[in-house]
Every structure is written in structure tokens, then in C-alpha cells.
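**Q** Turn this into a structure:
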Amino acid sequence: GNTTVYSSPTNPDTDNDGWTDDVEFAHSTDPTRADTDRDGIPDPTDPDPLVPDITQAPFVAIAGGFRHSLGVDANGRLWAWGSNDFGELGDGCTVGVGCAAKNQPAVVGTATDWKAIAAGSNFSVALKTNGTVWAWGRNNLGQLGDGTTTDRSTPVQVCQTGSGTGCAGGVALTNVAVIAAGGAHALARRADGPLHPDTGTLWAWGDNALGQLGIGSTTPAFSANPLQVGGTTADAWRSVAAGANHSVANLFSGIDANGLEVMQIYSWGANESGQLAQGFTDALAHPTPVANGSAPILSAGGSHTTVINRASTYFAVGRLTDGELGIGYVLDPNKFDAFCATVISGTVDPASVALDWIPNWVSKDLGGLPLAVAAGGVHTLALLDDGTGNGTGRIYSFGANSRGQLGRQVAVSGPFARVCPFNPFRSRVEGDLLDNSIARPVDSNPGWVAVAAGSLHSLALKKTATGNRLYAWGDNSQGQLGDGTFTLRNAPVLIR
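**A** All right, here's what the predicted structure looks like:
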């Protein structure tokens, strides 16, 4: 936000602009160059150093949805662009009549206290610095959490109980620290945990047809108000992620002898591709611990899940049809030999054998130390340490590339097909190895600080001397890249 933090010998403000050095580092601004109006533009290059230029303040958070994108800038302003069929851009349009797509970032309202964002399928969720949650867009399954199923084109408050504007007859959901949005459901982790200040109870709302709310049942089929995940005794949830129809979260249990947090991954919801990492493909309506599951960084995609554990090792599980797990295969290599044997003997129809998913964790060296990961619809982005010591990285991508969402500027080809010997059903297993299933760099330059993956598009922030710069690539049919066009981009383009 715009709160001045006064300097002290232990908390200096080197450029004397009202932002202490630690705050500037957190916002990726330069602590040695004054930015008096706090718009992300240093005074020497700012046309008016006393008046914030809201159109140029750098983004500090980004999110990609089905066909729209969201951003929060250094001034706490919220931005949206892309598809607007259900009012997901929050511009106050009349849903079904005048909600047009926007191909450039546009400010949502006038508030300057936005903190975090999450983009779902045609709906948006955002968190304010006061711990309240707001949502807008499609609401057919209660995914806005306002107690109704009415689509909204301006942000409405998520109501723990009650409904509509001001949560009439009830109370708002408050004290929230973390949010996530899936296909048609959302998650919010409160800061009310008794064990650790960064843990708390977990709440979910929206679609529950496959148990994605984690309440132990698929009844009700959806909820327009938040319901507590895992029962009343589960009060130490940490990080959370929402996929198209599944959810994953870490449950904190204490501090080990080395002073490190002890956490266990739980998963629930849809599981048709084994994305819950439970070793089977049955859906689960109750949070269930994952074997060998301890990882602070979580990301959930269309039908796959990716994590980075405490040892900075990348793991993935679920659908790999398009190589979205990044393990070098689009068919499970552990099933391949047995599959070939049955095909050759003629004892099984290969079309009945599911080879294109893995229900247990598989690890992969992506080519560097992973800092962050973002799972999209059928592709994945990974931020790998660039070795500069600045906490920045290079972006790698893998998975489907039908709309240029991998952003690869050089295609690599080779003898990547693996087939069964004398296989009469060769077409079934061709392409066992594909280049798109191997992590390769999007851009050879260092300095990237954040990645976000939408359904078929990608977003990233790059650190510069004047603040983060937003880049985007992939599908742009609804203007979700924000470059002022509706043209597909198969390589990163600078947005702002």
C-alpha cells in the first residue's frame, strides 16, 4: 500500500523517499533512487515526481485465468484485461449485454489496498490488505462466495454467512492471508492458526461436484458461502493451490530440530488423471495426506499438480498427455514395457490402457535450482535460479504449445518417438518422448522474478532498475496478453 515506514538505523531509507530499503526490495524498486510519489518510477526519470503515475507503476503480483489476466501494482491498484464474458474484468459492465474484452490492462475501481489476486475460469478473486476477500465474474456455482449465484461485474465481498452487498444477514470472511482460484471453486486460508502466525483454517466455496471443497462429501453440489475444509480441527493450513477441479494444501505440524517447518501435503477433488498423487484415480471429497508429500511450493493445473519441496527438488503428478509434467515423456515409462507385451500378445486393446497419466510423484531435474512453478491448463512454467545471487531466475516451459504458450523461440526436433516392437497399434504409442515434454528455456536472459500460467497463455515479471516489467505470450484471442492486440504471440512481448 502507500503507508510510510519511517527509517531507523536498523531499517534505513537510503534514498530518503519514505520507503525503507526492505520495503523497496520487497516491491522490486531501487532503494538507492528516490521515488517520492511511490509510483515505481524513480524521480530522475519521472515526468512529475510528486504525482503518482498509475499507468506506469510496476506490477508486484500477476495471475492468469481461463482467458483473462490480473495484476496488482506497487501502489496497491488492481488491473484486469482479457475476456469479459461474465464481468470477470470487474469494470461494471452489464453482463450479457455490454461486457467487452479488453486487450490492455485497465484499472479495477479506485481502491489502493489490494494485496493478492487469483484468476479462475471466467471469475476473479482478490485479497485486500485488511484481510477481506472480494470476487467478481461468473457465479453460476457460487464461485464468488457472496451467498448468491448472480454474476457480478464489480468486486463483491465474500461472505462467511449472509449474502449480497454487505453480506446482509451475516458476516464477511475476514482475516484471510492466502487465496486461490480453480475452475469454478476458490480457497482462502485465514491467519487464525494457534500453532504458527502463518497458518490457519481453510475455507472453500463454489463447485463441489467432485469434492473440490474438501468437506467430506459432494453434497451440497456447490456452496455460495465458504465452508471449512477438513473439519473444525484442521486449523494449521499453510500454502494452498486450486486446479481446474482439484485442490492441494499444506498442513503445518510444527518445527523440526533444525528449525524448519514440518508440513504435509493433502489433496482432494477430481482425480481422473491421478493429479491427487494418491496412487489411484478415484475422486476424493476429504483432504487426504499424500505419501512422501512435504513441499512448501504448490501449483495445480488443469489435471496435473507440480510442487517444489524443501530441498528445492521439483515433483509432478497427473496428466502428461501433452508433456505438462516436464519429465520427458507423454506416456508413463513405468507402464510402457508391460503395455507393449500385452499388445504384442494380442491380449488387450491398447486403447483401453491408460498410459498418459501418472498417479504418484515423479521427480525431475529441470536443469537448475527451481524457485517457483506455475501449472496452467496443459502447460507448466518453472523459474530456475539464474545464479546471479539476486533471487531471480530464468524461465523454462514444457507441455502443450498449441497457442504458443511455451514461448519457445527455437524449436528442437529429434528422434523422440518410442514405439513397441512389432506393434500393430503403433499410432497409440508414437511420440512417447516429445521435445515439449522437456524443460527448455523461454528466454536466455536472467532477472525474472515471477511466473503465472493461464489456460493457454503465460505471464511473467522481470526485475529492472525501475521496477518489475510485465511480459506475456501465448493465446491472445480475448486480449489476455494485454499488448493492445488480439494476436497470438509465441515469444514473450513486453506489456508494461
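
**Q** Please count neighbours and contacts with C-alpha atoms only from this point.
**A** Noted.

**Q** Show the subsequent helix or strand relative to the lowest-mean-pLDDT helix or strand in the chain.
**A** Scoring the helices and strands of the chain by mean pLDDT, DSSP states H and E places helix 426-429 at the bottom, with a mean of 40. Later in the chain than helix 426-429, the nearest helix or strand by DSSP states H and E is strand 440-441.

**Q** which residues make contact with that following strand from outside it?
**A** R394, I395, Y396, S397, F398, R408 (Cα atoms under 8 Å, 6 or more residues apart in numbering).

**Q** Determine which two of these are furthest apart.
**A** Spanning the widest gap among those are R394 and F398, at 13.7 Å by Cα to Cα.

**Q** the more surrounded of the two?
**A** Set side by side, R394 and F398 show more neighbours around F398, with 31 against 24, by other Cα atoms under 10 Å.

**Q** Packing partners of the helix or strand hosting that one?
**A** Following DSSP H and E, one finds F398 within strand 393-399. Under the contact criterion of 3 or more Cα pairs under 8 Å, 6 or more residues apart in numbering; DSSP states H and E, strand 393-399 touches strand 379-385, strand 440-441, strand 448-453.

**Q** ok now it, how far from the chain's centre?
**A** Relative to its chain's centre, strand 393-399 lies at 15 Å (Cα atoms, centre = their mean, to the nearest Å).

**Q** cool, and stretch 215-234?
**A** Averaged C-alpha coordinates place stretch 215-234 at 22 Å from its chain's average position (Cα atoms, centre = their mean).

**Q** Could you export it as PDB, CA atoms only?
**A** Extracted C-alpha coordinates of stretch 215-234, given in PDB (Å, rounded to 0.1, in the frame of the first residue of the first chain):
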ATOM      1  CA  ILE A 215     -15.900 -31.000   3.200                       C
ATOM      2  CA  GLY A 216     -16.000 -34.800   3.200                       C
ATOM      3  CA  SER A 217     -19.000 -35.100   0.800                       C
ATOM      4  CA  THR A 218     -20.100 -34.000  -2.700                       C
ATOM      5  CA  THR A 219     -23.300 -32.800  -1.100                       C
ATOM      6  CA  PRO A 220     -24.100 -29.900  -1.500                       C
ATOM      7  CA  ALA A 221     -23.100 -30.000  -5.200                       C
ATOM      8  CA  PHE A 222     -21.900 -26.400  -4.700                       C
ATOM      9  CA  SER A 223     -21.800 -23.700  -2.000                       C
ATOM     10  CA  ALA A 224     -22.200 -20.000  -2.400                       C
ATOM     11  CA  ASN A 225     -20.700 -19.300   1.000                       C
ATOM     12  CA  PRO A 226     -17.300 -20.500   2.300                       C
ATOM     13  CA  LEU A 227     -17.300 -23.900   4.100                       C
ATOM     14  CA  GLN A 228     -14.500 -25.100   6.300                       C
ATOM     15  CA  VAL A 229     -12.100 -27.600   4.700                       C
ATOM     16  CA  GLY A 230     -11.200 -30.700   6.600                       C
ATOM     17  CA  GLY A 231     -13.400 -30.100   9.600                       C
ATOM     18  CA  THR A 232     -13.100 -27.800  12.600                       C
ATOM     19  CA  THR A 233      -9.900 -29.400  14.000                       C
ATOM     20  CA  ALA A 234      -7.900 -28.600  10.900                       C
END
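
**Q** Flag every buried residue along that stretch.
**A** 215-218, 222-231, 234 (16 or more other Cα atoms under 10 Å).

**Q** which residues touch that stretch?
**A** So stretch 215-234 is in contact with 141-149, 158-162, 173, 201-211, 213-214, 285-287, going by Cα under 8 Å, 6+ apart.

**Q** Of those, which belong to strands?
**A** L202, W203, A204, W205, G206, D207, A285, H286, P287 (DSSP state E).

**Q** Flag every buried residue along stretch 76-89.
**A** Within stretch 76-89, the residues that count as buried by 16+ other Cα under 10 Å are 76-89.

**Q** mind listing what's buried in stretch 444-460?
**A** Residues of stretch 444-460 classed as buried: 446-460 (neighbour count, 16+ other Cα under 10 Å).

**Q** From one end of that stretch to the other, what's the distance?
**A** One end of stretch 444-460 sits 14 Å from the other (Cα to Cα, to the nearest Å).

**Q** average pLDDT across that stretch?
**A** In this model, stretch 444-460 carries a mean pLDDT of 96.

**Q** Run the chain-centre distance for that stretch.
**A** Mean C-alpha position of stretch 444-460 versus that of the full chain (Cα atoms, centre = their mean) differs by 11 Å.

**Q** For V133, which of the helices and strands packed on strand 393-399 is the nearest?
**A** strand 448-453 (20.4 Å).

**Q** I'd like the contacts of strand 440-441 written out as TSV, with pLDDT and distance to G302 added.
**A** TSV is the format used below for the contacts of strand 440-441 (pLDDT from 0 to 100; distance: Cα to Cα, whole Å):
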residue	pLDDT	distance to G302
R394	96	24
I395	96	20
Y396	95	19
S397	95	16
F398	93	14
R408	83	21
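
**Q** List the residues that contact N436.
**A** Neighbour list for N436: D322, G323, G326, G328, F398, G399, A400, N401 [criterion: Cα under 8 Å, 6+ apart].

**Q** ok, those residues vs A291, which is closest?
**A** Using Cα to Cα, those come closest to A291 at G326, 20.9 Å.

**Q** With T485 as the reference, measure out to that closest one.
**A** For G326 relative to T485 (Cα to Cα), the value is 31 Å.

**Q** hang on, the earlier thing: just the buried residues out of the contacts of stretch 215-234, in ChimeraX syntax.
**A** In ChimeraX, this line selects whichever of those come out buried by 16+ other Cα under 10 Å:
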select :141,142,143,144,145,146,147,148,149,158,159,160,161,162,173,201,202,203,204,205,206,207,208,209,210,211,213,214,285,286,287
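
**Q** quick one: low-confidence parts of the chain?
**A** For the chain, applying pLDDT under 70 flags the ranges 1-11, 15, 17-33, 35, 37-42, 44-48, 51-55, 329-355, 409-434.

**Q** could you redo the last one with a cut-off of 50?
**A** For the chain, the stretches flagged by pLDDT under 50 are 1-8, 26-28, 344-352, 411-419, 421-433.

**Q** can you give me the helices in it?
**A** With helices called from DSSP state H, the chain shows them at 21-26, 333-345, 426-429.

**Q** Tabulate the CA atom coordinates of stretch 288-303 in PDB.
**A** Written as PDB, here are the backbone C-alpha positions of stretch 288-303 (Å, rounded to 0.1, in the frame of the first residue of the first chain):
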ATOM      1  CA  THR A 288      -6.200 -36.900   2.300                       C
ATOM      2  CA  PRO A 289      -2.400 -36.900   3.100                       C
ATOM      3  CA  VAL A 290      -0.100 -37.600   0.100                       C
ATOM      4  CA  ALA A 291       2.600 -40.200   0.500                       C
ATOM      5  CA  ASN A 292       6.000 -38.600   0.700                       C
ATOM      6  CA  GLY A 293       4.300 -35.200   0.400                       C
ATOM      7  CA  SER A 294       6.200 -32.300   2.000                       C
ATOM      8  CA  ALA A 295       6.700 -29.300  -0.200                       C
ATOM      9  CA  PRO A 296       6.200 -25.600   0.600                       C
ATOM     10  CA  ILE A 297       5.600 -24.500  -3.000                       C
ATOM     11  CA  LEU A 298       2.400 -25.900  -4.700                       C
ATOM     12  CA  SER A 299       0.800 -25.300  -8.000                       C
ATOM     13  CA  ALA A 300      -2.300 -27.000  -9.500                       C
ATOM     14  CA  GLY A 301      -3.200 -27.000 -13.200                       C
ATOM     15  CA  GLY A 302      -5.900 -28.500 -15.400                       C
ATOM     16  CA  SER A 303      -5.300 -32.100 -14.400                       C
END
